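Engineer: compute the structure for the input listed below.
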Amino acid sequence: MCVKHVPDLMAERRLDDAGRVVRDGGDGTLNELDENAVEAALTLAEEHDAEVVALTMGPDDAVDAVRRALQMGADRAVHVLDDALTGTDVFGTARVLAAAVRRIAEDGPVDLVVTGMASLDGLTSMLPAALSAELGLPQLTLAVETAIADGAVTVHRDLDHATEVLRAPLPALVSVTDQANEPRYPAFAGIMAARKKPVDTIGLDDLGLDGSGLGAQGARTEVLTATERPPRTDRVLLTDEGDAGLRLAEYLVQNKLV
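Structural biologist: Numbering: from 1, shown residues only. Sure, this is the predicted structure:
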(Lines give C-alpha, C1' and ligand atoms only; values in the text may rest on other atoms or scores of the structure.)
Protein backbone atom coordinates (compact mmCIF):
# COMPACT_ATOMS: atom_id res chain seq x y z
CA MET A 1 0.00 0.00 0.00
CA CYS A 2 1.55 3.29 -1.14
CA VAL A 3 0.87 6.54 0.69
CA LYS A 4 2.18 10.07 0.34
CA HIS A 5 2.90 12.97 2.67
CA VAL A 6 1.54 16.19 1.16
CA PRO A 7 1.31 19.82 2.31
CA ASP A 8 -1.86 20.61 4.22
CA LEU A 9 -4.37 22.00 1.72
CA MET A 10 -5.62 24.49 4.30
CA ALA A 11 -2.13 25.88 4.96
CA GLU A 12 -0.21 28.37 2.84
CA ARG A 13 1.54 26.49 0.05
CA ARG A 14 4.63 27.70 -1.74
CA LEU A 15 7.45 26.76 -4.08
CA ASP A 16 11.13 27.05 -3.26
CA ASP A 17 13.75 28.81 -5.42
CA ALA A 18 14.07 25.68 -7.56
CA GLY A 19 10.36 25.62 -8.31
CA ARG A 20 9.59 22.63 -6.09
CA VAL A 21 6.80 22.34 -3.54
CA VAL A 22 8.09 23.03 -0.02
CA ARG A 23 7.40 19.84 1.91
CA ASP A 24 9.23 20.38 5.19
CA GLY A 25 7.17 23.18 6.71
CA GLY A 26 5.75 21.03 9.48
CA ASP A 27 2.16 21.35 8.24
CA GLY A 28 2.01 18.24 6.08
CA THR A 29 -0.43 15.37 6.35
CA LEU A 30 -1.29 12.00 4.85
CA ASN A 31 -2.71 12.57 1.38
CA GLU A 32 -6.47 12.51 1.90
CA LEU A 33 -7.10 10.27 -1.11
CA ASP A 34 -4.57 7.77 0.24
CA GLU A 35 -6.71 7.28 3.33
CA ASN A 36 -9.13 5.43 1.05
CA ALA A 37 -6.27 3.21 -0.09
CA VAL A 38 -5.35 2.46 3.52
CA GLU A 39 -8.96 1.58 4.35
CA ALA A 40 -9.27 -0.66 1.28
CA ALA A 41 -6.05 -2.49 2.13
CA LEU A 42 -7.03 -2.95 5.77
CA THR A 43 -10.48 -4.26 4.87
CA LEU A 44 -9.05 -6.82 2.45
CA ALA A 45 -6.37 -7.84 4.95
CA GLU A 46 -8.99 -8.40 7.65
CA GLU A 47 -11.01 -10.59 5.29
CA HIS A 48 -8.03 -12.69 4.18
CA ASP A 49 -5.76 -12.64 7.25
CA ALA A 50 -3.01 -10.73 5.44
CA GLU A 51 -0.33 -8.23 6.40
CA VAL A 52 -0.54 -4.57 5.37
CA VAL A 53 2.72 -2.72 4.71
CA ALA A 54 2.57 1.06 4.28
CA LEU A 55 5.17 2.41 1.84
CA THR A 56 6.17 6.00 1.23
CA MET A 57 8.99 8.01 -0.33
CA GLY A 58 9.98 11.51 0.71
CA PRO A 59 11.93 13.71 3.13
CA ASP A 60 12.06 13.27 6.90
CA ASP A 61 8.52 14.57 7.45
CA ALA A 62 7.14 11.95 5.06
CA VAL A 63 7.32 9.39 7.85
CA ASP A 64 4.21 11.04 9.29
CA ALA A 65 2.20 9.57 6.41
CA VAL A 66 3.11 5.97 7.19
CA ARG A 67 2.70 6.60 10.92
CA ARG A 68 -0.87 7.67 10.22
CA ALA A 69 -1.37 4.45 8.25
CA LEU A 70 0.05 2.49 11.20
CA GLN A 71 -2.40 4.24 13.52
CA MET A 72 -5.24 3.21 11.23
CA GLY A 73 -4.12 -0.42 11.45
CA ALA A 74 -1.25 -1.16 9.04
CA ASP A 75 1.20 -3.72 10.42
CA ARG A 76 4.52 -2.14 9.46
CA ALA A 77 5.96 0.59 7.27
CA VAL A 78 8.80 1.37 4.87
CA HIS A 79 10.08 4.92 4.33
CA VAL A 80 12.41 5.52 1.38
CA LEU A 81 14.57 8.47 2.40
CA ASP A 82 17.49 9.74 0.35
CA ASP A 83 18.70 13.25 -0.48
CA ALA A 84 19.33 12.15 -4.07
CA LEU A 85 15.56 11.83 -4.55
CA THR A 86 14.85 15.54 -4.12
CA GLY A 87 12.91 16.76 -7.15
CA THR A 88 12.05 13.30 -8.47
CA ASP A 89 9.03 13.29 -10.80
CA VAL A 90 6.27 10.69 -11.05
CA PHE A 91 8.28 8.42 -13.34
CA GLY A 92 11.25 8.34 -11.00
CA THR A 93 8.94 7.90 -8.03
CA ALA A 94 7.38 4.86 -9.68
CA ARG A 95 10.82 3.38 -10.28
CA VAL A 96 11.84 3.84 -6.64
CA LEU A 97 8.55 2.54 -5.23
CA ALA A 98 8.74 -0.49 -7.52
CA ALA A 99 12.22 -1.28 -6.17
CA ALA A 100 10.86 -0.90 -2.64
CA VAL A 101 7.95 -3.25 -3.38
CA ARG A 102 10.39 -5.84 -4.71
CA ARG A 103 12.45 -5.46 -1.53
CA ILE A 104 9.35 -5.96 0.61
CA ALA A 105 8.57 -9.07 -1.43
CA GLU A 106 11.83 -10.61 -0.24
CA ASP A 107 10.11 -11.14 3.12
CA GLY A 108 7.06 -12.75 1.53
CA PRO A 109 4.93 -12.44 -1.61
CA VAL A 110 3.20 -9.12 -2.30
CA ASP A 111 -0.19 -10.13 -3.65
CA LEU A 112 -1.72 -6.69 -4.07
CA VAL A 113 -0.37 -3.14 -4.34
CA VAL A 114 -3.00 -0.56 -3.38
CA THR A 115 -2.79 3.18 -4.06
CA GLY A 116 -5.07 6.19 -3.96
CA MET A 117 -6.42 7.68 -7.17
CA ALA A 118 -4.18 10.78 -7.00
CA SER A 119 -2.10 12.94 -4.68
CA LEU A 120 -3.51 16.33 -3.79
CA ASP A 121 -0.22 18.16 -4.35
CA GLY A 122 0.56 17.11 -7.93
CA LEU A 123 -2.80 15.70 -9.06
CA THR A 124 -1.22 13.95 -12.05
CA SER A 125 -3.06 10.66 -11.28
CA MET A 126 -0.19 8.97 -13.13
CA LEU A 127 1.53 7.08 -10.31
CA PRO A 128 -0.70 3.95 -10.30
CA ALA A 129 -0.20 3.32 -14.02
CA ALA A 130 3.52 4.13 -13.91
CA LEU A 131 4.06 1.88 -10.88
CA SER A 132 2.18 -1.04 -12.42
CA ALA A 133 4.31 -0.70 -15.55
CA GLU A 134 7.52 -0.73 -13.49
CA LEU A 135 6.37 -3.82 -11.62
CA GLY A 136 4.94 -5.56 -14.67
CA LEU A 137 1.56 -6.00 -12.94
CA PRO A 138 -1.97 -5.68 -14.30
CA GLN A 139 -3.59 -2.44 -13.18
CA LEU A 140 -7.20 -2.01 -12.11
CA THR A 141 -7.64 1.69 -11.51
CA LEU A 142 -10.30 3.99 -10.05
CA ALA A 143 -12.02 1.19 -8.15
CA VAL A 144 -15.09 1.88 -6.02
CA GLU A 145 -15.35 -1.76 -4.89
CA THR A 146 -12.57 -4.31 -4.51
CA ALA A 147 -12.77 -8.02 -3.73
CA ILE A 148 -10.31 -10.92 -3.75
CA ALA A 149 -11.30 -14.52 -4.43
CA ASP A 150 -9.82 -17.59 -6.13
CA GLY A 151 -6.42 -16.00 -6.71
CA ALA A 152 -7.81 -12.95 -8.49
CA VAL A 153 -8.91 -9.41 -7.68
CA THR A 154 -12.18 -7.98 -8.97
CA VAL A 155 -13.07 -4.29 -8.96
CA HIS A 156 -16.06 -2.19 -9.91
CA ARG A 157 -15.30 1.08 -11.67
CA ASP A 158 -18.00 3.71 -12.19
CA LEU A 159 -18.05 5.54 -15.51
CA ASP A 160 -20.40 8.35 -16.55
CA HIS A 161 -23.16 6.05 -17.78
CA ALA A 162 -22.02 2.57 -16.83
CA THR A 163 -20.14 0.47 -14.29
CA GLU A 164 -17.23 -1.68 -15.40
CA VAL A 165 -16.31 -4.92 -13.66
CA LEU A 166 -12.63 -5.74 -14.08
CA ARG A 167 -10.81 -8.88 -12.95
CA ALA A 168 -7.12 -9.78 -12.95
CA PRO A 169 -5.00 -12.56 -11.46
CA LEU A 170 -2.86 -11.78 -8.45
CA PRO A 171 -0.43 -10.18 -8.01
CA ALA A 172 -1.93 -6.94 -9.28
CA LEU A 173 -2.18 -3.22 -8.60
CA VAL A 174 -5.42 -1.46 -7.64
CA SER A 175 -6.08 2.25 -7.19
CA VAL A 176 -9.22 3.29 -5.34
CA THR A 177 -11.29 6.46 -5.49
CA ASP A 178 -12.61 8.59 -2.66
CA GLN A 179 -16.01 6.90 -3.19
CA ALA A 180 -14.63 3.45 -2.38
CA ASN A 181 -15.10 3.62 1.37
CA GLU A 182 -15.19 5.75 4.48
CA PRO A 183 -11.69 5.71 6.05
CA ARG A 184 -11.66 4.70 9.69
CA TYR A 185 -10.54 7.17 12.31
CA PRO A 186 -7.67 5.88 14.47
CA ALA A 187 -8.80 4.95 17.95
CA PHE A 188 -6.66 5.80 20.96
CA ALA A 189 -5.55 2.17 21.25
CA GLY A 190 -4.46 2.20 17.60
CA ILE A 191 -2.50 5.41 18.09
CA MET A 192 -0.66 3.94 21.06
CA ALA A 193 -0.02 0.61 19.32
CA ALA A 194 1.42 2.41 16.28
CA ARG A 195 4.31 3.65 18.40
CA LYS A 196 5.61 0.09 18.68
CA LYS A 197 5.18 -0.86 15.05
CA PRO A 198 8.36 -0.94 12.94
CA VAL A 199 9.22 1.70 10.36
CA ASP A 200 12.07 0.59 8.10
CA THR A 201 13.97 3.61 6.74
CA ILE A 202 15.98 2.78 3.62
CA GLY A 203 17.92 4.60 0.91
CA LEU A 204 18.82 4.08 -2.73
CA ASP A 205 21.76 1.82 -1.84
CA ASP A 206 19.39 -0.52 -0.02
CA LEU A 207 17.24 -0.69 -3.15
CA GLY A 208 20.16 -1.30 -5.50
CA LEU A 209 19.57 1.99 -7.34
CA ASP A 210 22.38 4.34 -8.34
CA GLY A 211 20.31 7.50 -8.64
CA SER A 212 20.52 7.83 -12.42
CA GLY A 213 17.31 9.21 -13.85
CA LEU A 214 16.18 10.27 -10.39
CA GLY A 215 16.12 13.58 -8.57
CA ALA A 216 15.67 16.94 -10.25
CA GLN A 217 18.26 16.13 -12.92
CA GLY A 218 16.24 13.13 -14.05
CA ALA A 219 12.81 14.76 -13.97
CA ARG A 220 10.97 15.06 -17.28
CA THR A 221 9.26 18.29 -16.24
CA GLU A 222 10.58 21.54 -14.82
CA VAL A 223 9.00 24.65 -13.33
CA LEU A 224 10.57 27.61 -15.14
CA THR A 225 8.80 30.47 -13.37
CA ALA A 226 6.19 30.87 -10.66
CA THR A 227 4.46 33.87 -9.11
CA GLU A 228 2.25 34.15 -6.09
CA ARG A 229 -1.47 34.36 -6.71
CA PRO A 230 -2.49 38.03 -6.49
CA PRO A 231 -4.96 39.00 -3.77
CA ARG A 232 -8.58 39.25 -4.85
CA THR A 233 -9.92 42.76 -5.23
CA ASP A 234 -13.43 42.01 -6.47
CA ARG A 235 -14.92 40.62 -3.28
CA VAL A 236 -18.45 41.63 -2.34
CA LEU A 237 -19.29 41.40 1.37
CA LEU A 238 -22.91 41.35 2.47
CA THR A 239 -24.04 42.18 5.98
CA ASP A 240 -27.13 40.16 6.75
CA GLU A 241 -29.90 42.46 7.87
CA GLY A 242 -32.61 39.97 7.09
CA ASP A 243 -32.44 40.35 3.33
CA ALA A 244 -29.03 38.82 2.57
CA GLY A 245 -30.59 35.89 0.72
CA LEU A 246 -32.44 38.19 -1.67
CA ARG A 247 -29.42 40.38 -2.23
CA LEU A 248 -27.24 37.35 -2.93
CA ALA A 249 -29.77 36.05 -5.43
CA GLU A 250 -29.85 39.44 -7.15
CA TYR A 251 -26.06 39.50 -7.35
CA LEU A 252 -25.97 36.01 -8.93
CA VAL A 253 -28.64 36.96 -11.48
CA GLN A 254 -26.99 40.28 -12.37
CA ASN A 255 -23.66 38.54 -12.98
CA LYS A 256 -25.26 35.69 -14.93
CA LEU A 257 -24.08 33.10 -12.43
CA VAL A 258 -27.41 31.24 -12.38
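Engineer: and the helix or strand bottoming out on mean pLDDT in the chain, what does it pack against?
Structural biologist: Lowest on mean pLDDT, DSSP states H and E among the helices and strands of the chain sits strand 28-30, with a mean of 84. In terms of contacts (3 or more CB pairs under 8 Å, 6 or more residues apart in numbering; DSSP states H and E), strand 28-30 is packed against strand 5-7, helix 63-72. Placement of C-beta: from N, CA and C, glycine included.
Engineer: to V101, which of the ones you listed lies closest?
Structural biologist: helix 63-72 (14.3 Å; CB to CB).
Engineer: distance from the chain centre to that closest one, please.
Structural biologist: Taking the mean of its C-alpha atoms, helix 63-72 sits 12 Å from the chain's own mean (CA atoms, centre = their mean, to the nearest Å).
Engineer: give me the helices and strands touching that helix, please.
Structural biologist: Against helix 63-72 (3+ CB pairs under 8 Å, 6+ apart) you get strand 5-7, strand 28-30, helix 32-48, strand 53-57, strand 76-80, helix 188-194, strand 199-202.
Engineer: quick one: contacts of the fourth one?
Structural biologist: Which is strand 53-57. Contact partners of strand 53-57, identified using CB atoms under 8 Å, 6 or more residues apart in numbering, comprise 1-5, 38, 62-63, 65-66, 69-70, 74-81, 85, 88, 93, 96-97, 100-101, 104, 110.
Engineer: pLDDT weak spots in the stretch 1-150 of the chain?
Structural biologist: Scanning the stretch 1-150 of the chain for pLDDT under 70 picks out 11, 23-26.
Engineer: helix, strand, or coil at D206?
Structural biologist: helix (DSSP: H, G, I helix; E, B strand; the rest coil).
Engineer: distance check, it against E145.
Structural biologist: D206 is 36 Å from E145, where distance means CB to CB, to the nearest Å.
Engineer: repeat for R20
Structural biologist: 37 Å.
Engineer: also V3?
Structural biologist: Distance of V3 to E145, computed by CB to CB: 21 Å.
Engineer: okay, those two: which has more neighbours?
Structural biologist: With neighbours defined as other CB atoms under 10 Å, V3 and E145 compare such that V3 has more, 29 against 16.
Engineer: how far away is that one from R68?
Structural biologist: V3 is 8 Å from R68, by CB to CB.
Engineer: brilliant, that's me finished.
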